[in-house]
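Enquirer: All I have is the shape, not the residue letters:
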């Protein structure tokens, strides 16, 4: 009897210990694996590949600033299991970006702009170059003061080109949590016109936009629609007719081209 009580006591204690340990074991996908501050010899994660490559040092610096100052801890996030596609600009690409924007280094960018620029190069999901198709994808950047993700236009007819300006120079650097593509230009935050210009099925709308801006009313003013749509501070919703819709309109109006449409101001 006494032995039974001892066995029962030991069993109860062991069960309680196992429950305590199991309750304190973190979920695998919630553990942030520490990333090394220097180069790594055998990169496996996206973070490790970014640290490993000498030509991505500025992109790494931008992500370290986010790690220290912001809520989005990308270096930590991209070092854990998952599936992410990163279009990583080289140091030369960033130097061109600095010259274009009149700054000397990444630290000169206001934090909000830096975060938006970096997140504009991140796409949720693993997309090898062979699985990309021409069209729009959502990046992890947000339009200012909204919860709407910015879009990016991918063109694959001649290599992979993003928003008509950034070309993938090294594709398909595969990590165990996604894929890295090296690009030769920092992908700027797009305006409405940026995204319209890249889509060949919106060429008639773009022509109509340009045509409309040639019209002048009695007060001598033109609509300046293109400037309006290029303004990143304006939040607009566009319903864009495709080329087929414009073909139907031209037939209905009895004209051969958009240039023949007369203004009504």
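Expert: Cool, the structure landed. Because the structure is a prediction, the values reported are computed rather than measured.
Enquirer: Can you give me the neighbour number for residue 182?
Expert: Residues near residue 182, counting by other Cβ atoms under 10 Å, number 21. In short, each C-beta sits where N, CA and C put it, glycine included.
Enquirer: just checking, it touches residue 166?
Expert: No - counting by Cβ atoms under 8 Å, residue 182 stays clear of residue 166, with 10.4 Å between them.
Enquirer: who's in contact with residue 105?
Expert: By Cβ atoms under 8 Å, 6 or more residues apart in numbering, the contact set of residue 105 is residue 98.
Enquirer: just the helices in the stretch 51-200 of the chain please.
Expert: Applying DSSP state H, counting those that start in this stretch to the stretch 51-200 of the chain gives helices spanning 57-69, 74-77, 91-101, 111-119, 192-198.
Enquirer: Show me what the second one is packed up against.
Expert: If I follow you right, that is helix 74-77. Judged by 3 or more Cβ pairs under 8 Å, 6 or more residues apart in numbering; DSSP states H and E, helix 74-77 is in contact with helix 46-52, helix 57-69.
Enquirer: Could you identify which of those is most buried?
Expert: Of these, the one with the most neighbours on average (mean count of other Cβ atoms under 10 Å) is helix 46-52, at a mean of 23.
Enquirer: Please tell me how far residue 154 sits from residue 165.
Expert: Computed as Cβ to Cβ, to the nearest Å, the residue 154 to residue 165 distance reads 12 Å.
Enquirer: higher neighbour count, these two?
Expert: Per other Cβ under 10 Å, whichever of residue 154 and residue 165 has more neighbours is residue 154, with 20 against 15.
Enquirer: Quick check: that one touching residue 138?
Expert: No - using Cβ under 8 Å, residue 154 is not in contact with residue 138; the gap is 11.2 Å.
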